[in-house]
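>>> Mind looking at a prediction? Sequence and model below.
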Amino acid sequence: MTVSAVSKLDKIEKSFYRLVTDRDERAQYLASPEPGEDLAINPEAVKIYSSLIEIGRFDLMSSIYPITKELLGKQFRSLVCDYFETIPSDHFNLNQSARQFSQYLSTCQKLISRYPFLSELADYEWIELAVLEDSAADVPVQQNLDSDAIDPASFAATVPIIVGALALRRYAYNIPALIESIEEGSKIARSLKKQSAYVIVYRDPVSLEARFLEVGEVALTLLETIKLEPDTTYGDLLKQACGRDPANASSLLAGCLEAIEQFKKLKLIVAEK
């Protein structure tokens, strides 16, 4: 094959890709008097392939963002098309091409003015798949993580190890409650007030299922600290928590100790060293 033939083939390939993925360019091409004459691209092939790609992308996004789809109704399809035109796929895993939908929605000002929680809702739906496909290795679950079996000094010096696939979120809106309302068909108020929600999503190291937890801010902060500083001891965690509000140190201490025991039972804390 000559250099000129290769160059022409490359030009056709790139043009065909743009035609089947860009709605405006495709509409202009198909509306021309004799589409396909210059680059030998069959207009019917453009229609078929573009339709198949759009269906595949819509099905993908519908499966990952079902609540967002239900909330937006007919707008969802056009948003999906615009999303892929704005942020083309850059990953071999098709699922990963959906990962920036939350950021994309945050730029849709008209939608955000009506649904100010929309970006957080999409993020909440995405993180289930994110933890399931997280490449982080699952830490072997250590048996008998009993805090009562060791003395206070040894406990304070112990370092907790958390599950590998973990997402921690601080939402400005109560996304779990909003999802429940949407699923029930309730109308979302236009003057929706912010109500913080603290969410943990992780891959259970035994069942490998994604688990969702809604917790308090103190409990979430404990896990955030462990994730950012893996060598943090229980003593450090308790000291930091109580230091935020010395006047309520005793209740914070009791709450932290209870949260730590719950995290062990739920296999969020899976080992100690």
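Thanks, I have the structure now.
>>> Would you map out the domains in the protein?
Split into domains by automatic domain parsing, the chain comes to 1-103, 134-273.
>>> quick one: the helices in the stretch 1-150 of the chain?
3-21, 23-31, 43-64, 66-72, 75-86, 101-105, 109-114, 118-132 (DSSP state H, counting those that start in this stretch).
>>> And the fourth one, how far out from the chain middle?
On the basis of C-alpha atoms, centre = their mean, to the nearest Å, the separation between the geometric centre of helix 66-72 and that of its chain is 15 Å.
>>> related to what we said a few turns ago, which one of the helices of the stretch 1-150 of the chain lies closest to Ala247?
Ala247 lies closest, by C-beta to C-beta, to one member of these: helix 118-132, at 32.0 Å. (Each C-beta comes from the backbone N, C-alpha and C, glycine too.)
>>> what angle sits between that closest one and helix 43-64?
Orientation of helix 118-132 against helix 43-64 (axes from the mean of the first three to the mean of the last three C-alpha atoms, to 10 degrees) gives an angle of 80 degrees.
>>> how near is the residue nearest to Tyr124 when sequence neighbours are not counted to Asp204?
Of all residues not flanking Tyr124 in the chain, Ile175 sits nearest, at 4.7 Å (C-beta to C-beta, 6 or more residues apart in numbering). Plainly put, Ile175 is 21 Å away from Asp204 if you go by C-beta to C-beta, to the nearest Å.
>>> quick one on the thing from earlier: point out the most buried one among the helices of the stretch 1-150 of the chain.
Each of those was assessed for mean neighbour count using mean count of other C-beta atoms under 10 Å. The highest is helix 118-132, with a mean of 21.
>>> quick one: average pLDDT of the very next helix or strand once past that helix?
Remark: after helix 118-132, the chain's next helix or strand is helix 152-157, criterion DSSP states H and E. Here helix 152-157 scores 90 as its mean pLDDT.
>>> And helix 152-157, how far out from the chain middle?
36 Å.
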